[in-house]
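J.: Sequence below, structure please.
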Amino acid sequence: SPGLKREFNVGYLFLEKLYYQLKLNEICNSISNNYKFQFDLNEILSYLIYARIIYPSSKLETFKQCQNFIEQPKFKLHDEYRALSYIANNMDFIQQQLFNNSKDVINRNSSVIYYDCTNYFFDIDIEDDLRKYGISKEHRPNPIVGMGLFMDGDGLPLSCNIFPGNQNEQKTLIPEETKIINNFKLDSTKIILCTDAGLSSDEIKKFNIKDNRGFVITQSLKKLNNIDKQKAFDRSEWRIPGDLKHTYNLDDIFNNDSLKDKHYETLFYKIIQTETKSVKQDLIVTFCFKYFDYNRNIRKSQIERAKKSIDENNVTRKGKNQNDYRRFINSYNSTDNGEVAENITYSIDEDLIKEEEQYDGYYALTTNLVGNIDDILKIVKGRWEIEESFRIMKSDFLARPINLSRDDRIKAHFMTCFISLFIYRLLEKKLDYKYTTSQILDTLRNMNMLEQKGLGFEPIYERSNLTDDLHDLFKYNTDFEIISYKKIKKIFDNTKNLK
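T.: Purely as a prediction, here's the structure:
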């Protein structure tokens with residue numbers, strides 16, 4: 001009959017299996033027992049998570065999209081909004097229990113923890129207690145909210161925290177690290193913190209050498225003092241990891257094409273002993289010819305764009321992004337005599353090009369660790385996972401725009417994004433990282449079935465290696481020609497089975 005819904009998504013069932021394995025239903029029941037509300041918090045939270053991954057959208061649109069799941073939700077829209085307050089009020093409890101429960105599902109590597117921050121802008125003009133004017137990562141002139149994210153050594157999220165947009169990110173690290181050490185009962189003597197140069201204050205380093213803890217923090221070469229910078233750019237006494245017998249002069253390799261070809265992808269390093277006001281540390285500087293060429297090629301294309309915009313008289317206002325090609329454009333609106341000129345003239349900033357070129361191919365970090373250089377470099381390589389997590393939340397889960405105004409509901413929104421991220425990354429890991437984010441999400445989003453009244457459900461999605469792996473991993477199959485009502489009910493029961 002007209003208007004009768006016949007097509008339903010079943011891709012979320014694989015997420016539902018992980019949701020129940022993580023005992024998020026029990027976490028919801030514990031929260032519910034402490035309050036007197038009548039709605040089903042577990043149903044609401046679970047559907048908010050499935051929809052954030054499958055149908056990312058606003059809370060209102062999420063309520064509508066949940067009708068596309070083969071298991072129809074029973075909660076009302078006003079219950080969804082009411083539930084957000086209880087989720088926000090129990091953020092620490094949810095994260096603590098989620099971490100504890102996850103250890104029964106997968107080994108957690110908390111010997112290395114990564115921390116980084118991002119922020120989300122809101123389409124409003126007037127700030128409030130949480131949404132404040134600050135430095136936007138996306139260079140937007142709107143009020144923002146900050147998010148800090150801890151990740152474990154295997155790339156799985158540990159915890160998140162939400163803070164006002166005008167708060168200094170450095171001030172968030174120590175309180176949040178203290179919280180997860182205490183709440184998660186981590187062995188503080190075996191923790192190595194890895195973060196970026198923006199969180200490299202002396203206070204943070206001092207905190208992370210307590211109880212024999214360690215730190216590996218990226219270092220801006222531009223901000224080194226002159227003595228350390230001179231040592232870092234000295235072309236002599238470079239080493240290759242694993243080879244303690246030989247040292248290399250980079251000039252010799254630069255001037256010899258055969259040697260350069262041989263060592264094109266080699267990572268060279270040197271260790272410089274240095275210290276802050278209260279912390280002794282090593283500055284490890286690396287250099288790679290392949291990375292050198294990569295930096296040069298990126299800048300070359302940016303300079304070409306800058307020249308083209310000058311030639312076409314299409315110069316727009318400079319952006320604040322350090323990768324913005326417009327940074328290479330100088331503007332002049334005065335004559336040699338200091339008089340104001342009628343027209344603005346533009347030129348390429350050759351001095352800035354030379355300044356930037358001296359850093360090509362180099363990368364640096366500071367650490368208090370003593371040991372195998374490969375192990376230290378391996379730790380810092382893992383930082384890309386946390387950047388990828390932020391990208392997934394912003395681009396794939398559409399964590400913004402956020403059409404919420406109350407502080408508690410905003411925090412609850414980010415809490416559901418965090419849980420969604422954890423479940424997704426857990427699925428990614430269980431699939432042995434064989435598939436890209438787009439492959440996994442597109443597959444889950446397109447796994448639809450058509451109801452054949454009186455018979456059951458017919459799969460209308462394309463079978464693939466990924467769908468086969470999902471079925472093998474979760475021990476049930478949705479690929480049959482027709483899945484009877486009795487069979488689909490068994491699948492529902494399977495997803496809610498903790499085993």
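
J.: Okay, N465 and D92: tell me how far apart.
T.: 40 Å (Cβ to Cβ, to the nearest Å). C-beta: built from backbone N, CA, C; applies to glycine.

J.: who touches K411 in this structure?
T.: 88, 91, 130, 162 (Cβ atoms under 8 Å, 6 or more residues apart in numbering).

J.: S57 and L48 touch, don't they?
T.: No. Applying Cβ atoms under 8 Å, one finds S57 not in contact with L48, separated by 11.0 Å.

J.: Comparing the two, which residue is more hemmed in?
T.: L48 (24 against 14; other Cβ atoms under 10 Å).

J.: which of the contacts of K411 are buried?
T.: Neighbour counting with 16 or more other Cβ atoms under 10 Å marks 88, 91, 130, 162 as buried within the contacts of K411.

J.: Grab the nearest non-local neighbour of the second one.
T.: Yep, that's M91 we're talking about. In space, and not counting its chain neighbours, M91 is closest to M415: 5.3 Å by Cβ to Cβ, 6 or more residues apart in numbering.

J.: I'd say the one you found and I87 touch.
T.: Yes. Taking Cβ under 8 Å as the definition, M415 is a contact partner of I87 at 5.4 Å.

J.: how many other residues sit next to S484?
T.: Neighbour number of S484 under other Cβ under 10 Å is 12.

J.: nearest residue to it other than its sequence neighbours?
T.: Nearest non-adjacent residue to S484 (Cβ to Cβ, 6+ apart): G456, at 4.2 Å.

J.: The one you found and G153, how far apart?
T.: Applying Cβ to Cβ to G456 and G153 gives a distance of 45 Å.

J.: check contacts around E7.
T.: Counting by Cβ under 8 Å, 6+ apart, E7 has contacts 68, 448-451, 460.

J.: Swap in 6 Å and give it another go.
T.: Listed by Cβ atoms under 6 Å, 6 or more residues apart in numbering, the contact set of E7 reads 448, 450.

J.: Identify all residues paired with it through a beta bridge.
T.: For E7, the beta-bridge partners are L450 (DSSP bridges).

J.: circling back: how about the contacts made by the residue nearest to S484?
T.: 482-485.

J.: again, but for S389
T.: By Cβ under 6 Å, 6+ apart, the neighbours of S389 are L421.

J.: Which helix or which strand is home to it?
T.: helix 384-391 (DSSP states H and E).

J.: same check, this time on Q230
T.: Per DSSP H and E: helix 226-233 holds Q230.

J.: Return the set of buried residues in that helix.
T.: Those would be 228-229, 231-232, for helix 226-233 by 16+ other Cβ under 10 Å.

J.: One more: stretch 122-130?
T.: 122, 127, 130.

J.: Then stretch 212-226?
T.: Neighbour-count burial for stretch 212-226 [16+ other Cβ under 10 Å]: 213-219, 221, 224.

J.: farthest pair in those residues?
T.: The most widely separated members of these are R213 and L221, with 25.5 Å between them, by Cβ to Cβ.

J.: And the strands in the stretch 101-250 of the chain, which stretches?
T.: 112-121, 144-152, 157-164, 192-195, 214-218, 238-240, 243-248 (DSSP state E, counting those that start in this stretch).

J.: In the chain, where is pLDDT below threshold?
T.: Flagging of the chain using pLDDT under 70 yields the residue ranges 1-5, 318-321, 334-342, 498-499.

J.: Run a quick neighbour tally on D261.
T.: 11.

J.: Next, work out how far apart it and Y269 are.
T.: 20 Å.

J.: Quick check: bridge partners of the residue nearest to S484?
T.: Q452.

J.: ok, now I113?
T.: Applying DSSP bridges, one finds that I113 bridges with D152, L193.

J.: Return the distance of it relative to N29.
T.: In terms of Cβ to Cβ, I113 sits 29 Å off from N29.

J.: Looking at the two, which is more packed in?
T.: Of the pair I113 and N29, I113 is the one with more neighbours under other Cβ under 10 Å, namely 23 against 13.

J.: rewinding a little: output the buried ones among the contacts of K411 as JSON lines; include the columns distance to D104.
T.: Listed next are the buried ones among the contacts of K411 as JSON lines, based on distance: Cβ to Cβ, whole Å:
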{"residue": "A88", "distance to D104": "26"}
{"residue": "M91", "distance to D104": "22"}
{"residue": "L130", "distance to D104": "34"}
{"residue": "I162", "distance to D104": "27"}
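
J.: All set, thanks.
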